[in-house]
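1. Here is a sequence with its predicted model. Questions after.
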Amino acid sequence: MNYFQLALKLGWSTLRSRPTLTALAVLLLALGTCILGVVFGALILIGSMESEIVSALTVELELAQDSETARHAVMERAEGLPGVESVQFIPAEVTLREIEKETGEDLTRLFGANPFPPLVRVHFAGININSLDSMASAAKSWPEVTNVVYPRALWSDIQRTGSRIQGMVGWSAAVLAFVVFVLVGLCLRAQVRNRAETWEFLILSGISSGIINLSLLVQEVLVGLLGGVVACGFVAGLAAVASWLSLREVSLPAWFYLFICGIAILFSVIAGLLSPRKFNR
C-alpha cells in the first residue's frame with residue numbers, strides 16, 4: 001500500500017469514526033458555502049442591474065436651431081465621446097408629444113407654441129459620474145448646443161447606493177466566512193482529538209507524521225467535497241424555487257457549481273489548517 005492510499009484510508013476512517021461530527025461539518029460547510037454562493041450571485045446581479053439602470057439613462061443636448069448642419073455636427077461630436085453606445089436626434093415635435101403623454105396636458109394650447117427645442121439624445125454603455133461631468137462641460141462649449149440636460153443626482157445616487165449595498169454584502173460574506181472557518185475547524189479538531197490514541201499508536205508503529213498530515217488533508221478535502229455537493233443541491237433547489245415563483249426558468253452555468261465545490265474544499269482545508277492539530281490529549 002503506497003503512502004497516498006494509506007493516507008486516504010486513514011482520512012476516510014477518521015470521518016467514519018464520528019459520523020455525527022462529519023455530518024455537522026458537512027452541513028455547516030454546505031450552508032455557509034450556499035449562502036456565500038448566493039451572496040456572490042447577488043453581487044453580480046447588483047452590478048448588472050446598476051449597469052442596466054445607468055445605461056437606460058440618457059444625456060440630452062439641446063440644439064440652438066433645427067438645421068441639418070448643426071444636427072450632424074453635434075451628432076458626430078457626440079459619437080466620439082467615450083462610452084457612447086448610440087446617438088439619436090429627437091425633433092422638437094417628438095419631445096412635445098413625449099412630455100404631453102407623460103403629463104396628460106395639452107402644452108401647445110397652454111403655451112401657444114412648442115416650447116421645446118430639438119435635441120440630440122446620447123445613450124451610454126457605461127460611464128461614471130466624473131466622466132459624465134467632464135463630457136457635459138465639453139458639450140456646453142459647442143456652439144450648436146444651448147444646454148445639456150442629464151439626471152446627475154439620480155445617476156450619482158444609483159452609483160452610491162450600488163456601492164453601499166455591495167460593501168454591506170461583502171462585509172456580511174466576510175463575517176460568514178469567518179464563522180464557517182471557526183465552526184468547521186472545531187468539528188475537524190474534535191475528530192482529530194477523538195482519535196488521539198490511534199495517532200499515537202501509528203506514530204509508535206513507525207508511521208511518519210507526514211502521512212498523518214496527508215491523511216488530515218484528505219479528510220478536509222473529503223469534507224469540503226461533500227459540503228460542496230450538498231451546497232450545489234441547495235443552490236439547485238433555490239433556483240428551482242425561483243423558477244417556480246418567477247414563472248421563468250432560472251438556470252445557473254456549470255462553472256458556478258464547480259466554483260461552489262471549489263470554495264467548499266478551500267474553506268474546509270483552510271479551516272483544518274487553522275485548527276490545532278494535536279495528536280495527543
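-> Perfect, I can see it now. Keep in mind that this is a model prediction, so the values were computed, not measured. Residues are numbered from 1 along each chain as shown.

2. ranges for the helices of the stretch 151-281 of the chain?
-> Along the stretch 151-281 of the chain, the segments classed as helices by DSSP state H, counting those that start in this stretch run 152-194, 196-204, 209-246, 254-274.

3. Now name the helix or strand holding the spatially closest residue to residue 16 that is not a sequence neighbour.
-> Closest residue in space to residue 16, ignoring its immediate chain neighbours: residue 22 at 7.5 Å, by C-beta to C-beta, 6 or more residues apart in numbering. For glycine as for every other residue, the C-beta is placed from the backbone atoms N, C-alpha and C. Counting by DSSP states H and E, the element that carries residue 22 is helix 19-56.

4. could I have the helix or strand that that helix is followed by exported to PDB, CA atoms only?
-> Downstream of helix 19-56, the first helix or strand assigned by DSSP H and E is strand 58-63. Output in PDB follows, covering the C-alpha atoms of strand 58-63 (Å, rounded to 0.1, in the frame of the first residue of the first chain):
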ATOM      1  CA  THR A  58     -29.600  59.500 -21.300                       C
ATOM      2  CA  VAL A  59     -27.900  62.800 -21.800                       C
ATOM      3  CA  GLU A  60     -29.900  65.300 -23.900                       C
ATOM      4  CA  LEU A  61     -28.100  68.000 -25.800                       C
ATOM      5  CA  GLU A  62     -30.500  70.900 -26.700                       C
ATOM      6  CA  LEU A  63     -29.800  72.500 -30.000                       C
END
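
5. list the buried ones in the next helix or strand after strand 58-63?
-> Under the assignment DSSP H and E, the closest C-terminal helix or strand after strand 58-63 is helix 68-79. Buried residues in helix 68-79, counted by 16 or more other C-beta atoms under 10 Å: 70, 71, 73, 74, 75, 77, 78.

6. now stretch 251-259
-> Across stretch 251-259, burial judged by 16+ other C-beta under 10 Å covers 252, 256, 257, 259.

7. Could you measure from residue 191 over to residue 11?
-> Distance, residue 191 to residue 11, using C-beta to C-beta, to the nearest Å: 10 Å.

8. Please apply the same query to residue 217.
-> From residue 217 to residue 11 the distance is 8 Å (C-beta to C-beta).

9. Could you do residue 120 as well?
-> If you go by C-beta to C-beta, the gap between residue 120 and residue 11 works out to 68 Å.

10. When the two are compared, which one has more neighbours?
-> Neighbours per residue, other C-beta atoms under 10 Å: of residue 120 and residue 11, the larger number sits with residue 120, 25 against 21.
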